[in-house]
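K.L.:
For reference, the sequence and a predicted model appear below.
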Amino acid sequence: MSRGRPPPLVTGISPKEGAAWTKVTIRGENLGTGSADLIGLSICGHNCLLTAEWMSASKIVCRVGPAKDDKGEIIVTTKSGGLGTSTVSFKLLKPERIGILEQSAVWVDEFNYYDMRTDRNKGLSPLSLRPNNPLGIEIDKGNFPLKDIEVTFPGMSGDFTSENFSATWYLIENHAGSSFEQLKLAASNLKKQANKKNEGSLAYVKGGLSTFFEAQDALAAIHQRQDSDGTERVEGSMTQRLEVILNRASDTADTLFQEVLGRKDKADSTRNALNVLQRFKFLFNLPLNIERNIQKGDYDVVINDYEKAKSLFGNTEVPVFKKVYAEVETRIRALRSLLLEKLLQTPSTLHDQKRYIRYLSDLHAPGDPAWQCIYAQHKWILQLMQDCRDEFIGGQRVRVGALDLEGDTRPSALSRLGHTSSLKRGGSLQMTRPSNWRFETPQQVQFVEKLSDVVIGQLPNFWKLWISYVNGSLFSETGEKSGQVEKSKKNARQRQSDFKKMIEEVTHRLVKLVRGALLATTLPQGEQSLYGGWQNKTELPGAWITQIIHIVRACYEALSALEIPNDLLQVIQDLLLDLRVHCLMVTLLHTTDDVRCLAEKEDWVVDNEGLTRLPSQFEQCVVQMLQSLKEPLEIKSGEINILQLDQVQDQATDLCVSIMKVFISCLEQLSTNRDGDATLSHISMDLSSPDRFKNMQECSSPTSEQRLLIVLSNCHYLERHTFLNLAHHFEKHGLTGTEKITRMSIVAVRELDEKLFDAYIERRADPIAGSLEPGIYAGYFDWRDCPPPTGVRSYLKEALVNIITVHAEVFTISKDLVPCVLSKILATVADEMCRLMQCVSSFSKNGALQARLELCALRDAIAAYLNAESNASFKMALDALPQLYGASEKKLLEELLNKFKSSMRLQLTCFQPTCIQPVKR
């Protein structure tokens, strides 16, 4: 159900403490639209509605009742707004029994003094002629002892003329035996009396009309009788007798009431004297009371007493009063100095700062205590930040166990390779690190964390103090001191630019200290000595810089939540931008170093595809690097994408290319290492055996040729798979320049592949081609004078066996390399055979047939791996031979070829056509 007006809100009460029946002024908002709208008022839990007097929507005057609670809220209830709330409280002081010369805790109401001596002839006010029985029913006192009632109602009274009047006390004392019907009648009588009181003086006239009429009739009859008798002045007449009676009645009345009136005058004089003595005693005791209350910390009591003394004796001309009041002022000046000292002390809570500022404001302290506090807090925060830096530079702080790289923070790429399960190939990569590498937090990280704690812990209260200074809430909770509030707002407007410079100085100091620890080169030369000094510390890896970025972001978010203008926090955003770029570059550089160390981890154990774990480890290393950059590359509110900056994009691309080239250099280094070449005997195995790779895996030191083949196989895998996978990961993580990285990587790996391939071919083809010529002319063989051919000579079979040996070596490493390697070797052999045939000046008939037999036998045996170059060489070699014209010669050639193929059938099985296509180069 919606209400027409907001609920009442009590923001102040004056005074804030007092005994029961103390008159208080309540101020606030939406306190009702009129007396009829006010339906409830409670102070410390006691209903004070009967004494409430509604003044305005922001002010109510009432008296505090005898509440049970010593301290409580002021709750106002209205018809239009409902049940209200309160931001202040009232402290109820328990009264003590006092003597006539003892000090009272309640201020004497000196304005309601009634001097019977001066007003006696004016007649008494009708309110002073109150009946002894206000309820108008028979009094029926019970047997309740008065002491028990006093204990039950401490500080109260059953006298309805007393300010501490308790209706419950009065009923127990005078009407304990009255019935409920009689009490209802008493309530009706009270209502009638209240109505008569509201009617004013006219009610008293109406009530005495009959008496007035009777007196008028009596006077008229007397006047008529006197006129008829004519004896107004005759001795013994009725008039004379009446005068005698009236004078005698007057003398009798004076005799009866003289003693009573004398006692009343004396009591009034005594009361007035006590009131004056009470004021004097208050002043004379005030210096000592001020000292005591200051020691107890009751500054509110001191301020209230000082305000009272100032109003009573501030302008006095009495010397003794002036002397005592001067001592009071001295104590108050000392109190101002004490409060100002407490205000400027650090550290201090925001609540205490506001409290001391209000005290100083109420004491009319010179200057602007609020601004002095703001200035002191600003200097203290700056000093804390600088002390934090000096403490860490001195090496006094060493903290262990603050950051676990396998925990919530992101580790470097290498440290988490062993925990990656998303990659399909290879095992984990274990890098050697110092034993305390994971657990000792670098001092720069500890410093930034401590520095952030200082800023987040102090700057919010500093900002809130300024906001309170701007809106004036430092000085008054009730609005009674509107002049101070307006003065505060005016001062705040004048000093707004100064405070903005303070915030800027704090944020700039924060940024410069962090830059000095991590990005010293970005500081001006003159500031490096003031904020730097970390040169002897170890350079941080990317994982720790990521942790620092996380800390700085949390600091920025905490300050943004205070609604500090963005232009004051832009310097932190600039710092975050530089830290993110720095983290990216450092991570890429460290990854380059880690990739360079991968060569030490090569174990030369190949799988069924001819690959070692090195390409997979390299891919894992790069992927983990990208994962560790996820947080630095993440774009938070107000940040920009660092990869869209041209300079950063170019540098990151070049470093990524460098990582690829470093790994390719590692492969080249591995291919040229010579740990002692082993013989090829370990690859002479049954090629049909399912365990054909067992010997290769058991070989701990492969030959240089085997190294070349393994590295070639890894190069092929890099080009066909690894680089493409990494390109996908680069794009997934938003890294630009992927096309350039992939293109240059492929170019570099192809150059290495070609270089290694040529080296292997040179090592394997040259010995085979070089053995042909000596084998042909062994035993002084002459093409012009040779016997009829009986079969293929041994040199060719040896060449084929050597080719088969190369085939076995390559096949053992990687069957994908067999076509390209054999094609190149056979091209060299074919070219050498062509050269040798062309060098022969003439052939005999038998020589021509022998040469044709050997060329055809070699060609047919390796036909599956011949390319266009090889076929051309064989054709040229055959063309250099005389043609066969006789059928017998052709038949003999065919028989000898079949015989050769039959005898070498098992050896030539490896040359059977397969589905493997030669790799294009």
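P.N.:
That came through fine.

K.L.:
Using the three-state scheme, assign Thr11.
P.N.:
Per DSSP: H, G, I helix; E, B strand; the rest coil, the local secondary structure of Thr11 is strand.

K.L.:
wouldn't it be in contact with Asn30 here?
P.N.:
No - look at Thr11 against Asn30 with CB atoms under 8 Å: they stay out of range, at 10.8 Å. In this view, the C-beta of every residue, glycine as well, is placed from N, C-alpha and C.

K.L.:
Packing partners of the helix or strand containing Glu214?
P.N.:
Per DSSP states H and E, Glu214 falls inside helix 209-229. Packing contacts for helix 209-229, counted by 3 or more CB pairs under 8 Å, 6 or more residues apart in numbering; DSSP states H and E, involve helix 238-296.

K.L.:
Which positions within the next helix or strand after the helix it packs on qualify as buried?
P.N.:
Going down the chain from helix 238-296, the next helix or strand is helix 299-313, by DSSP H and E. Across helix 299-313, burial judged by 16 or more other CB atoms under 10 Å covers Tyr299, Asp300, Val301, Val302, Ile303, Asn304, Asp305, Tyr306, Lys308, Ala309, Leu312, Phe313.

K.L.:
Quick check: closest non-adjacent residue to the first one.
P.N.:
With CB to CB, 6 or more residues apart in numbering as the measure, Tyr359 is the residue that lies nearest to Tyr299, at 5.1 Å, once sequence neighbours are left out.

K.L.:
Report the angle between the helix or strand where that neighbour lies and helix 299-313.
P.N.:
For Tyr359, the host element (DSSP H and E) is helix 350-362. Helix 350-362 and helix 299-313 meet at an angle of 10 degrees, taking axes from the mean of the first three to the mean of the last three CA atoms, to 10 degrees as the criterion.

K.L.:
Just name whatever secondary elements the helix or strand encompassing Glu391 is in contact with.
P.N.:
Secondary structure assignment for Glu391, by DSSP H and E: helix 369-393. Helix 369-393 sits against helix 319-344, helix 350-362, helix 443-471, helix 482-494, helix 496-518, with contacts defined as 3+ CB pairs under 8 Å, 6+ apart.

K.L.:
That one: which residues count as buried?
P.N.:
Residues 369-378, 380-381, 384-385, 388-389, 392-393 are the ones in helix 369-393 that count as buried (16+ other CB under 10 Å).

K.L.:
what do you get for stretch 145-160?
P.N.:
Applying 16+ other CB under 10 Å to stretch 145-160 flags Ile149, Phe153, Gly155, Met156, Ser157, Gly158 as buried.

K.L.:
Select the helix or strand of the chain having the lowest average pLDDT value.
P.N.:
helix 116-119 (a mean of 40; mean pLDDT, DSSP states H and E).

K.L.:
Next secondary structure element downstream of that one?
P.N.:
By DSSP H and E, the next helix or strand past helix 116-119 is helix 146-152.

K.L.:
Alpha carbons of that next one, as CSV, please.
P.N.:
Taking C-alpha atoms only, helix 146-152 is exported to CSV below (Å, rounded to 0.1, in the frame of the first residue of the first chain):
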residue,chain,number,x,y,z
LEU,A,146,5.1,4.7,49.8
LYS,A,147,8.7,3.3,49.8
ASP,A,148,7.6,0.4,47.6
ILE,A,149,6.0,2.8,45.1
GLU,A,150,9.2,5.0,45.0
VAL,A,151,11.3,1.9,44.3
THR,A,152,8.9,0.8,41.5
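
K.L.:
what's it packed up against?
P.N.:
By 3+ CB pairs under 8 Å, 6+ apart, helix 146-152 packs against helix 167-174.

K.L.:
Now the helix it packs on: average pLDDT?
P.N.:
Mean pLDDT, computed over helix 167-174, is 82.

K.L.:
outside of it, which residues touch it?
P.N.:
The contact list for helix 167-174 (CB atoms under 8 Å, 6 or more residues apart in numbering) reads 139-142, 144, 146, 149, 153, 156-158, 160, 183.

K.L.:
Apply 6 Å and report the result again.
P.N.:
Helix 167-174 is contacted from outside by Ile139, Lys141, Phe144, Ile149, Phe153, Met156, Gly158, using CB atoms under 6 Å, 6 or more residues apart in numbering.

K.L.:
residues contacting the fourth one?
P.N.:
Residues near Ile149 by CB under 6 Å, 6+ apart: Trp169.

K.L.:
how near is it to His175?
P.N.:
As judged by CB to CB, to the nearest Å, Ile149 and His175 stand 13 Å apart.

K.L.:
swap in the first one?
P.N.:
Applying CB to CB, the value for Ile139 to His175 is 7 Å.

K.L.:
Report the contact partners of Ile290.
P.N.:
Contact analysis of Ile290 by CB under 6 Å, 6+ apart lists Val302, Arg331.

K.L.:
Just the CA atoms of the helix holding Tyr359, as CSV, please.
P.N.:
The C-alpha trace of helix 350-362 is given here as CSV (Å, rounded to 0.1, in the frame of the first residue of the first chain):
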residue,chain,number,x,y,z
LEU,A,350,36.5,7.9,9.5
HIS,A,351,34.0,7.9,12.4
ASP,A,352,36.6,9.4,14.8
GLN,A,353,37.5,12.1,12.3
LYS,A,354,33.9,13.1,11.8
ARG,A,355,33.4,13.2,15.6
TYR,A,356,36.4,15.4,16.3
ILE,A,357,35.5,17.7,13.5
ARG,A,358,32.0,18.2,14.9
TYR,A,359,33.4,18.8,18.4
LEU,A,360,35.8,21.4,17.1
SER,A,361,33.0,23.0,15.1
ASP,A,362,30.7,23.2,18.2
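
K.L.:
So for Gly84, what's the pLDDT?
P.N.:
Note on Gly84: pLDDT of 91.

K.L.:
and stretch 786-806, average pLDDT?
P.N.:
88.

K.L.:
Show residues contacting that stretch.
P.N.:
With contacts defined as CB under 6 Å, 6+ apart, stretch 786-806 is touched by 764, 768, 775-776, 846-847, 849-850, 853-854, 857-858, 861, 896, 900, 907, 910.

K.L.:
Among those residues, name the ones in strands.
P.N.:
Judged by DSSP state E, strands contain none of the contacts of stretch 786-806.

K.L.:
which one is Ala517 nearest to, not counting chain neighbours?
P.N.:
Closest residue to Ala517 apart from its sequence neighbours, by CB to CB, 6+ apart: Gln444 at 4.6 Å.

K.L.:
circling back: how far is the helix holding Glu214 from where the chain is centred?
P.N.:
How far helix 209-229 lies from its chain's middle: 98 Å, per CA atoms, centre = their mean, to the nearest Å.

K.L.:
likewise stretch 443-451?
P.N.:
The answer for stretch 443-451 is 16 Å, by CA atoms, centre = their mean.

K.L.:
coming back round to it: how far off centre is the helix holding Glu391?
P.N.:
In this view, helix 369-393 has its centroid 22 Å away from the chain centroid, taken as CA atoms, centre = their mean.

K.L.:
does the nearest residue to Phe618 once chain neighbours are set aside sit in a helix, a strand or a coil?
P.N.:
Setting aside the residues directly before and after it, Phe618 is nearest to Phe663 in space (CB to CB, 6+ apart), at 5.1 Å. For Phe663, the assignment made with three-state DSSP gives helix.

K.L.:
Could you measure from Phe663 over to Glu619?
P.N.:
The span separating Phe663 from Glu619 equals 10 Å under the rule CB to CB.

K.L.:
Count the residues that sit near the closest residue to Ile139 other than its chain neighbours.
P.N.:
Leaving aside its sequence neighbours, Ile139 sits nearest to Asn174 (CB to CB, 6+ apart; 5.1 Å). By other CB atoms under 10 Å, the residues close to Asn174 number 21.

K.L.:
same deal with Leu822?
P.N.:
Neighbourhood size, Leu822 [other CB under 10 Å]: 27.
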